[in-house]
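Novice: Kindly return the folded structure for what I paste below:
(one chain, ligands or ions: 1)
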Amino acid sequence: MRTKHLIIFLPLVVVALYAYRWPVKPQDKAHGINATLGEMRVDTLGNPDHFHAGVDIAESGDSIYCPDTSIVDTTEWKSNWIGRFRYIHASLDTFLQGDTILPGCVIGYITGTHLHFRESSTRLSPHDALNPLDSLALTPYYDSTNPHIDSVKFYR
Ligand SMILES: [Zn+2]
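Specialist: Next comes the predicted model:
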């Protein structure tokens, strides 16, 4: 009697995942976070408006440093995108399409009370938002804050 074997080939997807530095100095030290990915933001009337699409780094008035090798492949830097990262409450230097910015290079400065920092999966699809506090993102990051719940709200 012959035994038949079922052989399944699974596609092997190789994904290059790696951590990157902080966009503020010192880049190899954890910094405070004021807001995290996914927090509900409300409009002026208190109605649900959108989810927070990044983290707010509690630094102000400082220079912004490139966290990871970034290529300016479009003119998206005008909307504060450089590569797959977006910097809000910031004034970015002028770059040209095709410029490669290395980690540690100054790319601008913070204009607000914090730096809103967002990451997308690729520099070509800046419409998604990844969690910069993931284990393979901002490094190092230590969450020393005890969990607490300010309030619970339900939205339709
Ligand atoms: Zn923010």
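
Novice: make it CA atoms for all contacts and neighbour counts henceforth
Specialist: Will do.

Novice: How much space separates Val152 from Val55?
Specialist: Val152 sits 21 Å away from Val55, going by CA to CA, to the nearest Å.

Novice: Compare those two and say which is more crowded by neighbours.
Specialist: Val55 (23 against 5; other CA atoms under 10 Å).

Novice: any weak-confidence spans in this structure?
Specialist: Applying pLDDT under 70 to the chain picks out residues 1-18, 74-78, 122-126.

Novice: let's see it at 50
Specialist: Within the chain, the stretches with pLDDT under 50 are 9-16.

Novice: Do a quick rundown of the helices in it.
Specialist: Counting by DSSP state H, the chain forms no helices at all.

Novice: mind listing what the residue of it found nearest the ion touches?
Specialist: The minimum distance from the chain to the ion, using CA to the ion, falls at His116 (4.2 Å). Contact analysis of His116 by CA atoms under 8 Å, 6 or more residues apart in numbering lists Gly54, Val55, Asp56, Ile57, Arg86, Tyr87, Ile88, His89.

Novice: what does this structure have sitting close to the ion?
Specialist: Within the chain, the residues that sit near the ion (CA under 5 Å from the ion) are Asp56, His116.

Novice: Do a quick rundown of the strands in the chain.
Specialist: In the chain, the segments counted as strands under DSSP state E are 33-35, 40-42, 48-51, 55-57, 63-65, 70-71, 81-82, 85-88, 90-92, 100-101, 106-110, 115-119.

Novice: Could you save those strands as JSON lines and add columns showing distance to His148?
Specialist: Below are those laid out as JSON lines (distance: least, CA to CA, whole Å):
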{"stretch": "strand 33-35", "distance to His148": "14"}
{"stretch": "strand 40-42", "distance to His148": "16"}
{"stretch": "strand 48-51", "distance to His148": "19"}
{"stretch": "strand 55-57", "distance to His148": "18"}
{"stretch": "strand 63-65", "distance to His148": "30"}
{"stretch": "strand 70-71", "distance to His148": "36"}
{"stretch": "strand 81-82", "distance to His148": "33"}
{"stretch": "strand 85-88", "distance to His148": "27"}
{"stretch": "strand 90-92", "distance to His148": "30"}
{"stretch": "strand 100-101", "distance to His148": "39"}
{"stretch": "strand 106-110", "distance to His148": "29"}
{"stretch": "strand 115-119", "distance to His148": "22"}
